[in-house]
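S.K.: any chance you can model this:
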Amino acid sequence: MRTKLSIAAILLAALMVMLGCTKPSEKAPPPAPAGPVPVTVLFFNDLHGHLLPFTVKQDDGSKAEVGGIARMATIIRGVRDENAGKGVKTLVVIAGDILQGTPLSTVFHGKPDVEALNQIGIDAMVVGNHEFDFGLQNFLDLRTLAQFPIISGNIVYRDSNQPLCAPTATIKINDQLALSFVGVTTKELMYTTKPDNVARLSVTDPLAAAKQNYELVKAQGPVILLSHSKASTDEEIATAIPELAAIIGGHDQILLNPRKLVGAVPVFQAFEKGKYVGRIDLSIDPATKHATLTAWTYIPVTSAVADDPAIAALVNGYQSQLDAKFKEVIGSSAVFLDGERERVRYEETNLGDFVTDVMREYTSADVALLNAGSLRASIDDGPITLDAIFKTMPYENELMTVDLTGAELMAALTRGVSGARQDEDGGFLHVSGLKLKVRDKAPEDVTVGGQPLDLQKTYKVAITDFMSSGGDGYQMFVGKPALKTGLPLRELLVDTIRQRGRITTEKEGRIERVE
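M.R.: The predicted structure is shown next:
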């Protein structure tokens with residue numbers, strides 16, 4: 001009798017798969033229990049192509065290996081297996097920006113990233129601003145490749161006002177309950193990727209989109225905002241929609257530990273580059289469909305975590321195609337070239353000095369300006385590989401020169417120093433050929449070539465095509481006649497390092513902040 005029942009159960013399960021009621025890799029939702037329903041949500045954000053483990057410098061000066069998508073997969077599988085034994089549903093979501101930041105992501109335009117996520121099994125992902133760094137069509141191709149919903153409620157086609165993506169993703173917990181995710185994307189999308197990449201798109205108000213789409217799904221069960229916006233925007237949405245079960249954020253690349261509480265809404269963010277997998281545990285009341293946060297944590301992704309064999313094989317297969325090219329040593333550095341986000345986006349660093357000097361040297365410009373958002377990683381002292389350069393500058397920036405009056409140059413510098421340290425402003429400017437002091441978010445005592453800035457004089461200024469098209473808020477460059485040099489900045493860095501052999505750049509006091 002027991003054998004007959006097992007065969008019948010197997011046939012029933014197979015029939016459900018054939019009818020599309022469930023996926024082969026998933027169990028059917030359990031019947032609704034009488035008591036509270038537990039659910040676990042795992043999450044991460046701003047992976048930025050870091051599929052392989054990488055080394056970070058710690059506060060005490062030591063180095064540690066962190067991250068790696070194969071380790072993250074092991075953590076996720078472990079939680080799923082533990083929860084499955086208890087009859088608890090586990091969901092996995094991403095708060096945007098899986099692309100751009102490593103050669104592996106850049107060379108293959110995000111394909112290995114999405115294939116790895118497909119194998120892990122993702123329930124929803126919100127669109128990040130860097131999902132368009134390889135163009136709109138590449139994003140659409142990756143969305144087709146993805147076996148999970150990629151959502152955003154506030155990105156529309158400019159000409160038709162039609163949505164680019166579904167605004168929400170709803171996952172069934174049992175026969176009576178579902179958990180919904182409402183997606184919103186930062187309005188900074190329009191100037192934090194090349195404007196040509198998003199020329200066909202517009203970004204509407206994330207707050208209005210969140211409120212509208214919350215109303216559409218709230219009757220089915222609890223709602224979580226899956227956001228790739230500024231933390232300040234998330235707080236506004238939490239205030240406007242106090243019934244949200246939680247907000248899972250990205251974009252700022254911060255670790256909200258402890259979690260932030262805005263009214264009754266808990267807000268989470270799991271830092272960056274796969275250094276942590278976030279976890280929240282909810283208890284849902286079947287009668288009211290209200291979710292209560294019962295526990296939360298951030299799980300560090302360290303070398304103590306074993307690789308998931310299948311994910312490791314996938315990533316290593318792609319990496320092997322790059323090894324010969326990107327492991328080539330092109331020179332060395334006598335110093336640590338500082339591209340750490342908390343410093344490079346607020347203060348002068350020797351990496352910013354080095355790159356802007358290269359820009360000025362190759363263009364014979366009076367001044368070179370570079371937005372800090374172009375620099376995505378530090379370069380360690382010691383041998384420099386091609387891989388390191390691609391990590392530091394993953395973008396294909398072309399050098400351009402533009403003639404600016406002293407007054408126009410002052411306007412650009414004013415934009416460049418307008419952010420506070422906590423803003424981690426990608427528009428902060430690194431400079432070559434000039435010096436300045438900064439007082440109360442305003443430039444003063446500006447000198448060019450050792451002489452006071454002349455507001456009437458015209459200066460030849462080297463910038464990137466990204467800045468020339470208004471990227472990172474530099475609208476003063478839009479429409480200005482600019483000379484395209486045809487010089488790719490990343491390749492110039494490679495050539496310079498090859499020629500010099502050894503980099504010794506130190507900070508020169510070009511930018512002085514006066515308290």
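S.K.: quick one: neighbours of Asp281, just the number.
M.R.: A count of neighbours around Asp281, defined by other C-beta atoms under 10 Å, yields 17. For the C-beta atoms, the positions are set from N, CA and C on the backbone; glycine is no exception.
S.K.: so which strand or helix has it?
M.R.: Counting by DSSP states H and E, the element that carries Asp281 is strand 276-284.
S.K.: contact partners of that strand?
M.R.: Defining contact as C-beta atoms under 8 Å, 6 or more residues apart in numbering, one finds that strand 276-284 is touched by 36-44, 72, 75-76, 79, 173, 177, 179, 221-222, 245-246, 248, 255, 266, 268-270, 290-301.
S.K.: strand partners (parallel or antiparallel) of the helix or strand just after that strand?
M.R.: Later in the chain than strand 276-284, the nearest helix or strand by DSSP H and E is strand 291-300. Here strand 291-300 is paired, per DSSP bridges, with strand 276-284 (antiparallel).
S.K.: need the three-state assignment for the residue nearest to Arg502 when sequence neighbours are not counted.
M.R.: For Arg502, ignoring the flanking residues on the chain, the nearest one in space by C-beta to C-beta, 6 or more residues apart in numbering is Ser332 at 5.2 Å. Assigned with DSSP: H, G, I helix; E, B strand; the rest coil, Ser332 falls in the strand class.
S.K.: Ser332: how many residues sit nearby?
M.R.: Neighbours of Ser332 using other C-beta under 10 Å come to 14.
S.K.: just confirm it contacts Gly382, I think it does.
M.R.: Yes - using C-beta atoms under 8 Å, Ser332 is in contact with Gly382, at 6.1 Å.
S.K.: hmm, Lys89 is touching Asn83, no?
M.R.: Yes - assessed by C-beta under 8 Å, Lys89 is found in contact with Asn83 at 7.2 Å.
S.K.: joint contacts of these two?
M.R.: Thr40.
S.K.: domain assignment for this protein?
M.R.: 31-318, 329-513 (automatic domain parsing).
S.K.: redo those as CSV? Include mean pLDDT.
M.R.: Listed next are the domains of the chain as CSV, based on pLDDT from 0 to 100:
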stretch, mean pLDDT
domain 31-318, 95
domain 329-513, 95
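S.K.: now do the SS call for the nearest residue to Ala442 once chain neighbours are set aside.
M.R.: If the residues on either side of it in the chain are set aside, Ala442 comes closest to Thr414, at 6.4 Å by C-beta to C-beta, 6+ apart. What three-state DSSP gives for Thr414 is helix.
S.K.: and if you look at Leu216?
M.R.: helix.
S.K.: what about the closest residue to it other than its chain neighbours, distance to Asp281?
M.R.: Excluding its sequence neighbours, the residue lying closest to Leu216 (C-beta to C-beta, 6+ apart) is Thr168, at 6.8 Å. Computed as C-beta to C-beta, to the nearest Å, the Thr168 to Asp281 distance reads 22 Å.
S.K.: who does Thr90 bridge with?
M.R.: Beta-bridge partners recorded for Thr90 (DSSP bridges): Thr40.
S.K.: that one against Thr40, yeah?
M.R.: Yes - if you go by C-beta under 8 Å, Thr90 and Thr40 touch, sitting 4.7 Å apart.
S.K.: what about the helices in the stretch 251-400 of the chain?
M.R.: Remark: helices assigned in the stretch 251-400 of the chain by DSSP state H, counting those that start in this stretch are 309-326, 341-344, 350-363, 386-392.
S.K.: same thing with the stretch 51-200 of the chain?
M.R.: Remark: helices assigned in the stretch 51-200 of the chain by DSSP H, counting those that start in this stretch are 69-84, 103-107, 111-120, 136-145, 189-192.
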